[in-house]
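A.B. asks: how would this look folded up:
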Amino acid sequence: MNQPLSHSMVERDCAADLRRAALAALCEREPAAKAAAAGALFARYRAGETTCRADEPLEEPPGLPGRPERPALVEPRLLRHRGMQTQAGRAVLLHALAHIEFNAINLALDALWRFAGLPQAYYADWLRVAAEEAHHFELLQSRLLEFGHAYGDFPAHDGLWDMCARTREDVLARMALVPRTLEARGLDASPPIRARLMQAGDAQSAAILDVILRDEIGHVRIGNRWFRHVCGVRGLEPHETYTRLAAQYHAPRLRGPFNFDARRDAGFDEAELAALALQERADRSPSEP
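C.D. replies: Sure, this is the predicted structure:
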């Protein structure tokens, strides 16, 4: 069983190699310590205090990712849904968002350490994502504390990491189905959630969603960038390849309404957006007898 890694252990790995440090941070079980490790690693890399050995194969330890005993992980259908007009309901929502961001730290760290042989810019990109996801988690955790709760107080589900595990053998599948599929769904979900928070008079929580949406556009853009890069290296056509991978790995069907402006900013091309628009219209039309 994985033991929690101390900050000193993470710092020693960080001084030696970026990917090893990312793996150490991924093994960290305590959420605040994991977020702090991701942020510190980004700062050290930007300061030139660590390098990245891109071609070194690393062995996967057991028990990934490191995470606390709480929250309890349950099937999505078992999660309680509450309205946002009450503080209790907003606390449940903020907890769900914090769980997504905690998982997003893990997803970025895993993309960073797991896949060898990519350009240095790939590792720098995913390190930035990990640090920004850590910042999002800290914002949501602070807001939760103002509601009298903390991360772990409510049950959650494990859908994001499940797809991460399924795509562990292929960076192309990972880029296709985590950032540009699952995380892109957050671009669509953010505006209506923000509107409901504002309707409930919770401008502080809505402002956190503004920060998250701004950064997540960049994260999905990074996923698009490296998906297309690997397609180019392998001589694959991106649209056909995405369709094949989505079927092969049983990706969830995307459902509108879609945030077309955010998806365009995140690097989806006009053909992809047109296909989503067609799907959205079909979903809205009455079914045929």
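A.B. asks: quick one: Asp125 is in a helix?
C.D. replies: Yes - under DSSP: H, G, I helix; E, B strand; the rest coil, Asp125 falls within a helix.
A.B. asks: what sits against it?
C.D. replies: Ile222, Arg225, Trp226 (C-beta atoms under 8 Å, 6 or more residues apart in numbering). In short, each C-beta sits where N, CA and C put it, glycine included.
A.B. asks: So among these, which ones count as buried?
C.D. replies: Ile222, Arg225, Trp226 (16 or more other C-beta atoms under 10 Å).
A.B. asks: Spit out the contact partners of the second one.
C.D. replies: Yep, that's Arg225 we're talking about. Asp125, Gly267.
A.B. asks: Surely it is in a strand?
C.D. replies: No - looking at Arg225 with three-state DSSP, it is helix, so not inside a strand.
A.B. asks: Can you give me the pLDDT of it?
C.D. replies: With respect to pLDDT, Arg225 scores 98.
A.B. asks: Return the distance of it relative to Gly89.
C.D. replies: 37 Å (C-beta to C-beta, to the nearest Å).
A.B. asks: Then the last one?
C.D. replies: According to C-beta to C-beta, Trp226 and Gly89 sit 38 Å apart.
A.B. asks: still on that earlier bit, would you list the contacts of Asp125 in CSV and tack on distance to Pro252?
C.D. replies: Compiled in CSV, the contacts of Asp125 are given as follows (distance: C-beta to C-beta, whole Å):
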residue, distance to Pro252
Ile222, 21
Arg225, 23
Trp226, 21
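A.B. asks: Out of those, which is nearest to Glu240?
C.D. replies: Nearest to Glu240, judged by C-beta to C-beta, of the contacts of Asp125 is Trp226 at 17.8 Å.
A.B. asks: Which helix or strand contains the residue nearest to that closest one when sequence neighbours are not counted?
C.D. replies: Leaving out its chain neighbours, the residue that sits closest to Trp226 by C-beta to C-beta, 6 or more residues apart in numbering is Met175, at 4.9 Å. Met175 is part of helix 171-177 when elements are defined by DSSP states H and E.
A.B. asks: how about the strands in the stretch 51-200 of the chain?
C.D. replies: Counting by DSSP state E, counting those that start in this stretch, the stretch 51-200 of the chain forms no strands at all.
A.B. asks: what ranges do the helices span in it?
C.D. replies: 87-114, 120-146, 159-166, 171-177, 184-199 (DSSP state H, counting those that start in this stretch).
A.B. asks: What average pLDDT does the longest one get?
C.D. replies: This points to helix 87-114. 95.
A.B. asks: Centre of the chain to it, how far?
C.D. replies: Computed by C-alpha atoms, centre = their mean, to the nearest Å, the chain-centroid distance of helix 87-114 equals 7 Å.
A.B. asks: Give the buried residues for it.
C.D. replies: Applying a neighbour-count criterion of 16+ other C-beta under 10 Å, one finds 89-114 buried in helix 87-114.
A.B. asks: Render the CA-only coordinates of the strand or helix carrying Leu278 in CSV, please.
C.D. replies: Following DSSP H and E, one finds Leu278 within helix 270-284. Output of helix 270-284 as CSV, limited to C-alpha atoms (Å, rounded to 0.1, in the frame of the first residue of the first chain):
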residue,chain,number,x,y,z
GLU,A,270,-15.0,24.2,-37.4
ALA,A,271,-15.8,20.7,-38.6
GLU,A,272,-15.9,19.4,-35.1
LEU,A,273,-18.1,22.3,-34.0
ALA,A,274,-20.5,21.7,-36.9
ALA,A,275,-20.8,18.1,-36.0
LEU,A,276,-21.7,19.0,-32.4
ALA,A,277,-24.2,21.6,-33.6
LEU,A,278,-25.9,18.9,-35.8
GLN,A,279,-26.0,16.5,-32.8
GLU,A,280,-27.4,19.2,-30.5
ARG,A,281,-30.2,19.9,-33.0
ALA,A,282,-31.0,16.2,-33.4
ASP,A,283,-31.1,15.8,-29.6
ARG,A,284,-33.6,18.7,-29.3
